[in-house]
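J.: predicted model and sequence below, questions to follow.
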Amino acid sequence: MTTVSVTDVRAAQDLLSEVAVPTPLLPSRVLSEQLGGPVLLKCENLQRTGSFKIRGAYVRIARLTGAERAGGVVAASAGNHAQGVALAASMLGCKATVFMPVGAPLPKIAATRGYGAEVVFPGPTVDDCLIAAQKYAGECGAVFIHPFDHPDVAAGQGTIGLEIMEQCPDVRTIVAPVGGGGLLSGIAAAAKGAVKETGGRDIKILGAQAKRAAAFPPSLAAGRPVQIELEPTMADGIAVGRPGDLTYALFTELVDAVVTVTEESISQALLLCLERAKQVVEPAGAAGIAALLEHAYAVEPPVVVLLSGGNIDPLLLSKVLRHGLAGAGRYLVVRCRLKDRPGALVTLLGELAELGVNVLDVMHERVAARLHVEEAEVLMHLETRGADHSEDVIGRLREKGYTLTLS
């Protein structure tokens, strides 16, 4: 089977010298304190098109023949690969058609079209898009640019690994999000190949998959790539139902472990990136941070964590941040029963003010089948200072005789 070596990655780096931006490596004090050693963030969310995907897409398309480029290229993507292919194709002078899932984030659709690609929506998942794109390629003669399962794509993504080794030569663990595996397999080939050449200490390579879309753990257990049923996940960019044949082979050779992360951890990771690192990151791009929050035992500092993309719909960002605040105990949605009499709501809000709670929203309902005639119910969105403060607020209100239901 075709493989990818550090030599291949260096050749890809030469092709990308005037295309991809060498992204910064920023220290994270809060994560370093939690892990007891240096943690650095590789900010591919600051890359052109907002993610690492331009690297692999450009290398793949640049290596096509003139006749192949004349026939156009086709791709399937939830958004970031779409933008990478669209920009790379426009830079190299060929037509691009991109199949995206129904419900893909609107900013990613707009950006893909803005780079000149035609966008088609064949179904709800990336796997539907892959099937449709491959069929289109067979019928129209366009070259299919796979999002992960091609050596040129993996080599292009692997240039991140070379940058990490140059920026942090003493790195001991590299953590990155995993969908189909092209990103981490390329990074692993570059980093482990570079270490082998110099005779240095080995590096641990750790992948992070959303628990609701984790195809690698069962595939590695089965000894072959297996198809899984995807569940809805906010990390749409890494929701892939089956590893590639090439990436699976590279994982078995080079990747040390793959862990899964929950939706709660992803939302808290995104919140941490925004609040503490001042980085706007999409849910898939924050999966590596989520892995540190859930699986700190699996890494050895110095750790480099890849923020793989920052293309997030502002509406989704607002929703995910509330989710992250709730997971951190800083956002409460509470239903409260009280007597339906003048001054009852004012008294409740006064109690909350004394407890230092910020009331974000209130809906007061006086007539409903579930309520007694003398009752009213208030749905409140509350901002607190953390989990301990939230527990104190709930306890104090119940001591005052209020009936609470947490939503």
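T.: Structure's in. What do you need? Residues are numbered from 1 along each chain as shown.
J.: show me the contacts for residue 334.
T.: For residue 334, the contacting residues are 379-380, 382, 394, 404-407, taking CB atoms under 8 Å, 6 or more residues apart in numbering as the criterion. Heads up, the C-betas are built off the backbone N, CA and C, glycines and all.
J.: what's the helix or strand for it?
T.: strand 331-339 (DSSP states H and E).
J.: from the contacts of residue 334, keep the buried residues only.
T.: Among the contacts of residue 334, those classed as buried by 16 or more other CB atoms under 10 Å are 380, 382, 394.
J.: need the distance between the two termini of stretch 43-62.
T.: Across its full length, stretch 43-62 reaches 25 Å end to end, with CA to CA, to the nearest Å as the criterion.
J.: nearest residue to the middle of the chain?
T.: Nearest to the geometric centre of the chain sits residue 284, at 0.9 Å (CA atoms, centre = their mean).
J.: so what's that one closest to, chain neighbours aside?
T.: The spatial neighbour of residue 284 that comes closest, neighbours along the chain excluded (CB to CB, 6 or more residues apart in numbering), is residue 237 at 3.2 Å.
J.: residue 330 reaches residue 384, doesn't it?
T.: Yes. With contacts counted by CB atoms under 8 Å, residue 330 reaches residue 384, the gap being 5.6 Å.
J.: now the common contact residues for those two.
T.: With CB under 8 Å, 6+ apart applied, the overlap between the contact sets of residue 330 and residue 384 consists of residue 390.
J.: more crowded one of these two?
T.: When residue 330 is set against residue 384 and neighbours are counted by other CB atoms under 10 Å, the residue ahead is residue 384, at 23 against 18.
J.: against residue 365, how distant is that one?
T.: When CB to CB, to the nearest Å is applied, the distance between residue 384 and residue 365 equals 23 Å.
J.: for residue 39, same thing?
T.: From residue 39 to residue 365 the distance is 47 Å (CB to CB).
J.: higher neighbour count, these two?
T.: Under the criterion of other CB under 10 Å, the comparison of residue 39 against residue 365 puts residue 39 first, with 26 against 14.
J.: who's in contact with residue 144?
T.: With contact taken as CB under 8 Å, 6+ apart, residue 144 is in contact with 73-75, 133-134, 137.
J.: which of those are buried?
T.: Buried by 16+ other CB under 10 Å: 73-75, 133, 137, out of the contacts of residue 144.
J.: next, give me the two most distant ones among the contacts of residue 144.
T.: 73 and 134 (12.6 Å; CB to CB).
J.: gap between the worst-scoring helix or strand of the chain on mean pLDDT and the chain center?
T.: Taking mean pLDDT, DSSP states H and E as the measure, helix 314-327 is the helix or strand of the chain with the lowest mean score, a mean of 79. Between the centre of helix 314-327 and the centre of its chain there are 14 Å (CA atoms, centre = their mean, to the nearest Å).
J.: that helix vs strand 331-339, what angle?
T.: With axes from the mean of the first three to the mean of the last three CA atoms, to 10 degrees defining the directions, helix 314-327 sits at 70 degrees from strand 331-339.
J.: please identify the buried residues of helix 314-327?
T.: The neighbour-count check on helix 314-327 (16+ other CB under 10 Å) flags 316-317, 320-327 as buried.
J.: what about the buried ones among the contacts of residue 334, which are in strands?
T.: With strands defined by DSSP state E, the entries of these inside them are 380, 382.
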